[in-house]
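[1] sequence first, then the predicted structure, then my questions.
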Amino acid sequence: MPRTIEIDPVTRIEGHARITIKLDDQGIVEDALFHVTQFRGFEKFCEGRPFPEMPSLTARTCGICPVSHLMASSKACDNIMAVQIPPVAAKLRRIMNYAQITQSHALSFFHLSSPDMLLGWDADPAKRNIFGVIVEFPDLARMGIRLRQIGQSIIALLGNKRVHPAWMVPGGVNAPMTAKKRDTILPMAEEGLEIALKTYQWYKTQLGNFTEEAEHFANFPSLFMGMVDEDGNLEHYDGTLRVVDHTGKIMHDKVPTDNYQDIIGEAVEDFTYMKFPYYKPWGYPNGMYRVGPLARLNICNKCGTPQADIALAEFRALQKDGGPVLSSFHFHYARLIEIIFAMEKTLVLLRNDDILSTNVRARARGNSSRGIGIAEAPRGTLIHDYHVDEHCQMTKANLIIATGHNNLAMNAGVKQVAQHWISGNKLEEHMLNRVEAVIRCYDPCLSCATHALGKMPLHIQLTDARGNVVDELTRG
Amino acid sequence: MSKTTRVVTLTINDKEVSAREDESILTVAREHDIDIPTLCYLEGLSGWGSCRLCLVQVEGIPKLLPACMTYCAEGMKVKTDTEKIQNYRKNILEMLFSERNHVCSVCVSNGECELQSLAQKCGMDHVSLPYRFPSYDVDSTHNLFRNDHNRCVLCTRCIRVCDEIEGAHVWDLAGRGIDTLVISELNEPWGDSDTCTNCGKCVQVCPTGALVQKGTAVAEMHKNRTFLPYLNAMRGNNG
């Protein structure tokens, strides 16, 4: 008899989500859906507001990656003003973004995901959290917490606040770097790089323990999209868009960010509030693509910094056929490489002669009726697309959040994990854990999971075709 | 001092003070470093008495009185900081916050806002009343400045400074009660105003993020409200 399993709720982007898994007569998984059940409404309440408010307003979307919204929004506002911001302002924005990548990836890897990997997917949920890691692996936990602190501290030094700094503004940044701040950040970035390299070396030794997870955690062909610089290298702030397929073939390259709608369409489904962006030439839903650290490392020619490039070569060896790395489990691996890259880049930028320049802001009023700002957030490509009226007040905002791009892939990932681990009528704890864990691979801004100390509140129901509950598991 | 003005003796919080009988309790209290919170009052402008944050208790009078509009009298016994007054102030602030869309975190005046400071000072840490969430338009038609009704507390400082100091009287009130709006001219877009001199005094005296300079991002609107006493002194005006 066909049955449906419901996981309700799964926390998601500072909110809640639900998973439905449909079983056939034999108890085999037929389909799985990832429902995002919360509505935020930012696009709507931006309307009518003056555009200079947008960076800080849209940054309130998220408490984990507000810097990404500040950046994409500020870039969109730069375009409305039709200005070229001072080069040092762009460098300063980059530094804050690298700090953001560091703290966000450290949070995802150490605080959210490492309990699964270190303590085991079948471990007691009461201990399978960051505190459990602190007890069992104190040195590693300390490194993770310190790495996140470094990222957050750099953000606070530049923007006077760790969360929601109002430092990035239309036209640049509102305060220059000082010698004192630079001299404080430099040793922190050096320490951050050291920790990142140490973690990376350790992680490589652990990979053999996760062979089954790497094989079945959203390991499937898909497109990958992200930003690259003019040389096709890893880029997070300003570049062009590139799309590659699962064999590594470049499908689209050097797409100016203003033309993102040439390659990205947006679909909606009635079972979720999250939009389904798709690769336009392939249509919906075939145009499934992934963004984020895994995608960025799959699409770039190289990173462009020494240590990150060494790690990138090792990362690419994970895929035996030499193509892009397809398993979403390796998002974790990619995050560690990006932390190395972020710290290396921060050091390079801080050592620039002009980094203390006080020319950090271009001033202008609105000169264009539309502004598009695209940047790479920790979780992937973030798009802010604004329309303003003749008095520079917002008439429309379109936000494509990084997590949204991965929507099709997350649905496919949940299905794959369910197909591998769930069968029959009996539900077991480890099934939930692995369904959770595949979602965490994408780190879909499930920042609420931090409050739950790595233990998402889950509710799975196994029901028959008439809706009778056959089995039930609740946690959280 | 006019010939008929007398000096009176009164107590404020049990402290004996002397004052001219044409001085308000607020003025005398401040002269003696006794703090009374205010919002619509601004030194250099005429009194208005609408915000009620400066309410004080005068012995023998059952209702609370606004210190900015109540004049000193012989033998008056004034209390400025009783529990009842503190509760009234918090309630007033809660009402102000709930009436419009005072979202500090995304306001250009964040960190520079008198309403925000008053909430902190008076210990208003939450709003127990339901928010109204009105949907007011933002007037960005002026070349330099912006009027955001969503952040307005109807203190009328802008109206008074424009009328009494600049002499232009661009602003006035329209509507009644909770739906009252500060309007420019005869409810025309600010940018179409023939009388506005672009002096910006209204923007500087506005206590919140209602009247601001265009181009400012969140928390960037710094206001200078100290110019009024100097301006009055230069003009030989006692305010």
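    Sure thing, it's come through. Numbers count the residues shown, from 1 in each chain, chains lettered A, B, ... in the order given.
[2] tell me which element the residue nearest the centre of chain B is part of?
    The centroid of chain B falls nearest to B:Cys40 when counting by Cα atoms, centre = their mean (1.6 Å). B:Cys40 belongs to no helix or strand when assigned by DSSP states H and E.
[3] next, the contact list for it, please.
    Contact analysis of B:Cys40 by Cβ atoms under 8 Å, 6 or more residues apart in numbering or on different chains lists B:48-51, B:53, B:68, B:153, B:155-157. In this view, the C-beta of every residue, glycine as well, is placed from N, C-alpha and C.
[4] mind listing what's buried along the least confident helix or strand in chain B by mean pLDDT?
    Least confident helix or strand, chain B: helix B:227-234 with a mean of 82, by mean pLDDT, DSSP states H and E. Under the neighbour-count criterion of 16 or more other Cβ atoms under 10 Å in any protein chain shown, helix B:227-234 has B:228, B:231-232 buried.
[5] helices or strands up against that helix?
    Judged by 3 or more Cβ pairs under 8 Å, 6 or more residues apart in numbering or on different chains; DSSP states H and E, helix B:227-234 is in contact with helix B:201-205.
[6] any part of the helix it packs on near chain A?
    No: Helix B:201-205 is not in contact with chain A by Cβ under 8 Å from any Cβ of the partner chain; minimum separation 14.3 Å.
[7] contacts for the helix ranked longest in chain B next, please.
    Assignment by DSSP state H gives helix B:83-99 as the longest helix of chain B. When contacts are defined by Cβ under 8 Å, 6+ apart, helix B:83-99 is touched by residues B:37, B:39, B:51-53, B:55-57, B:64, B:79, B:102, B:115, B:118-119, B:122-124, B:127-132, B:134, B:153, B:178.
[8] in helices only, show me the residues you listed.
    B:115, B:118-119.
[9] still on that earlier bit, got the angle between the longest helix of chain B and helix B:114-121?
    Orientation check (axes from the mean of the first three to the mean of the last three Cα atoms, to 10 degrees): helix B:83-99 against helix B:114-121 gives 140 degrees.
[10] and helix B:83-99, how far out from the chain's middle?
    Computed by Cα atoms, centre = their mean, to the nearest Å, the separation of helix B:83-99 from the middle of its chain amounts to 15 Å.
[11] what of stretch B:28-42?
    12 Å.
[12] the lengthiest helix in chain A packs against which elements?
    Taking DSSP H as the criterion, chain A has its longest helix at helix A:179-206. Where contact means 3+ Cβ pairs under 8 Å, 6+ apart, helix A:179-206 is packed against helix A:87-106, helix A:138-159, helix A:306-316, helix A:331-350.
[13] which single one of the buried residues of helix B:227-234 is nearest to chain A?
    Checking the buried residues of helix B:227-234 against chain A by Cβ to the nearest Cβ gives B:Leu228 as the nearest, at 27.1 Å.
[14] just give the nearest non-adjacent residue to the closest one, would you?
    With Cβ to Cβ, 6 or more residues apart in numbering or on different chains as the criterion, B:Leu228 has its nearest non-adjacent residue at 2.9 Å, and that residue is B:Gly44.
[15] look up the pLDDT of the one you found for me, please.
    pLDDT recorded at B:Gly44 is 90.
[16] just confirm it contacts B:Met234, I think it does.
    No: at 11.3 Å, B:Gly44 does not count as touching B:Met234 under the criterion of Cβ atoms under 8 Å.
[17] and the stretch 251-400 of chain A, which of its residues are near chain B?
    A:363, A:365, A:391-393.
[18] the same query, at a cut-off of 10 Å, please.
    Applying Cβ under 10 Å from any Cβ of the partner chain, we find that the stretch 251-400 of chain A lies next to chain B at A:361, A:363-366, A:388-394.
[19] just name the closest of the residues you listed to chain B, please.
    Once Cβ to the nearest Cβ is applied, the member of these that ends up nearest chain B is A:His391, at 3.9 Å.
[20] below-threshold pLDDT in the chain: ranges please.
    All of this refers to chain A. Low-confidence segments of chain A (pLDDT under 70): A:1, A:5-16, A:37-38, A:424-425, A:445-469, A:472-476.
[21] please go with chain B instead
    In chain B, residues with pLDDT under 70: B:1-3, B:237-239.
[22] so which bits of it are right by chain A?
    B:101, B:103, B:105-108, B:110-111, B:133, B:135-144, B:146, B:148, B:150, B:189, B:191, B:209, B:212, B:214-220.
[23] now restrict these to buried residues only.
    Neighbour counting over those (16+ other Cβ under 10 Å) leaves B:101, B:103, B:106-108, B:110, B:136, B:138-142, B:146, B:148, B:150, B:209, B:212, B:214-220 as the buried ones.
[24] that older thread, CSV for the buried residues of helix B:227-234, including distance to A:Ala375?
    Output for those, formatted as CSV (distance: Cβ to Cβ, whole Å):
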residue, distance to A:Ala375
B:Leu228, 44
B:Leu231, 46
B:Asn232, 50
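[25] on that earlier part again, and the contacts of the least confident helix or strand of chain B?
    B:42-45, B:157, B:161, B:164-166, B:201, B:204-205, B:237-239 (Cβ atoms under 10 Å, 6 or more residues apart in numbering or on different chains).
[26] A strand includes A:Ser56, no?
    No: with DSSP: H, G, I helix; E, B strand; the rest coil as the criterion, A:Ser56 is assigned helix and is not in a strand.
[27] for it, give its distance to A:Ser68.
    13 Å (Cβ to Cβ, to the nearest Å).
[28] same check on B:Ser105?
    B:Ser105 is 17 Å from A:Ser68, where distance means Cβ to Cβ.
[29] same deal with B:Gly209?
    Remark: distance between B:Gly209 and A:Ser68 (Cβ to Cβ) = 25 Å.
[30] ok, A:Val163 next?
    13 Å.
[31] identify the contacts common to those two.
    A:59, A:62.
[32] in stretch A:194-213, what's buried?
    Residues A:195-197, A:199-200, A:203, A:210, A:213 are the ones in stretch A:194-213 that count as buried (16+ other Cβ under 10 Å).
[33] next one: that stretch to chain centre, how far?
    20 Å.
[34] okay, that stretch in CSV with CA atoms only?
    Extracted in CSV, the C-alpha atoms of stretch A:194-213 (Å, rounded to 0.1, in the frame of the first residue of the first chain):
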residue,chain,number,x,y,z
GLU,A,194,46.9,28.3,9.9
ILE,A,195,43.8,26.9,11.5
ALA,A,196,42.1,26.4,8.1
LEU,A,197,45.1,24.5,6.7
LYS,A,198,45.3,22.3,9.8
THR,A,199,41.6,21.5,9.6
TYR,A,200,41.9,20.7,6.0
GLN,A,201,44.8,18.3,6.5
TRP,A,202,42.9,16.6,9.3
TYR,A,203,39.7,16.4,7.2
LYS,A,204,41.5,14.6,4.4
THR,A,205,42.5,11.8,6.8
GLN,A,206,38.8,11.4,7.8
LEU,A,207,37.3,11.2,4.3
GLY,A,208,37.7,7.4,4.2
ASN,A,209,35.1,7.1,7.0
PHE,A,210,32.4,8.7,4.9
THR,A,211,32.5,6.7,1.7
GLU,A,212,28.9,5.6,1.9
GLU,A,213,27.7,9.1,2.7
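[35] I appreciate the help and will end here.
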